[in-house]
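Visitor: what follows is a predicted protein model with its sequence.
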Amino acid sequence: MKIVFATNNTHKLTEIREILGSAFEIVSLKDIGCDADIPETGQTLEENAHLKALYVYEHYGLDCFADDTGLEVEALNGEPGVYSARYAEQYDHNSEANTVKLLRKMTDITRRNACFRTVISLIQHDADNPGSYHETLFEGIVEGKIATEKRGTAGFGYDPVFIPNGYDKSFAELGEEIKNKISHRARAVEKLAKSLITNSSPKKRG
Ligand code: IMP
């Protein structure tokens, strides 16, 4: 089954292709010739995931899923959350600046609980109502702690400062194989995969 993943982030594409396996052909925005910078103007992860998936559905007429992820730090009242990509205000998608800002804000904070939360919006043609779509949302959460300094080189974004519960290494030290088994995105994608597989299998006649 072919489906668009509304991203050009190669790390995310690799992660998702590994998790979904060969039953699905996952194509990126670049693969469908979309070079738009899809606006992420929502106030929540759910809204942003919805906006991205809907953009592809409306402009290309293709079934699509999109994710939005936030790092939610307990002692910072859920910051950076939906603003994770542009936490260091003058920079967008600058992981180094975002991580430095987070570590600086956490300098004297001992309560370091945090979680990564991913929301995936899946938008598909509604076979029963031609011309309309239906949307399903999937959520994945991994709980952990913010390290006191950057650790490790694998992964991307906030991976060097996030230590998942049950481990004493950061995502960037644990590497992709372990991260992909336990991560927020893996958990959301597992739910997505279950739904895609269930809904793509031939329906039994009653
Ligand atoms: P987005 O979902 O791509 O908009 O990501 C929002 C922000 O969270 C960006 O700064 C990403 O680098 C960061 N981010 C998203 N997923 C992960 C992850 O799995 N590990 C570390 N950082 C992430």
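Guide: Ah, there it is.

Visitor: so which residues on this structure come close to the ligand?
Guide: Within the chain, the positions near the ligand by Cβ under 6 Å from any ligand atom are 9, 67-69, 84-85, 93, 95, 98, 155-159, 183, 185. All C-beta atoms are positioned from the backbone trio N, CA, C, and that covers glycine.

Visitor: just the ones of those residues in helices?
Guide: 95, 98, 185 (DSSP state H).

Visitor: out of those residues, the closest to Phe5 would be?
Guide: Arg185 (11.1 Å; Cβ to Cβ).

Visitor: what's the closest non-adjacent residue to the residue of the chain found nearest the ligand?
Guide: Closest to the ligand within the chain is Gly157: 2.3 Å, counting by Cβ to the nearest ligand atom. Counting by Cβ to Cβ, 6 or more residues apart in numbering, Ser95 is the residue found nearest to Gly157 once chain neighbours are left out, at 5.0 Å.

Visitor: can I assume the one you found is in contact with Phe162?
Guide: No. Assessed by Cβ atoms under 8 Å, Ser95 is found out of contact with Phe162, at 11.9 Å.

Visitor: more neighbours: which of those two?
Guide: Neighbours were tallied for Ser95 and for Phe162 using other Cβ atoms under 10 Å; the higher tally belongs to Phe162 (28 against 18).

Visitor: tell me what the lowest-mean-pLDDT helix or strand in the chain is packed against?
Guide: Every helix and strand of the chain was ranked by mean pLDDT, DSSP states H and E. The lowest is helix 10-20, at a mean of 83. On a contact count with 3 or more Cβ pairs under 8 Å, 6 or more residues apart in numbering; DSSP states H and E, helix 10-20 meets strand 2-5, strand 25-27, helix 176-182, helix 184-200.
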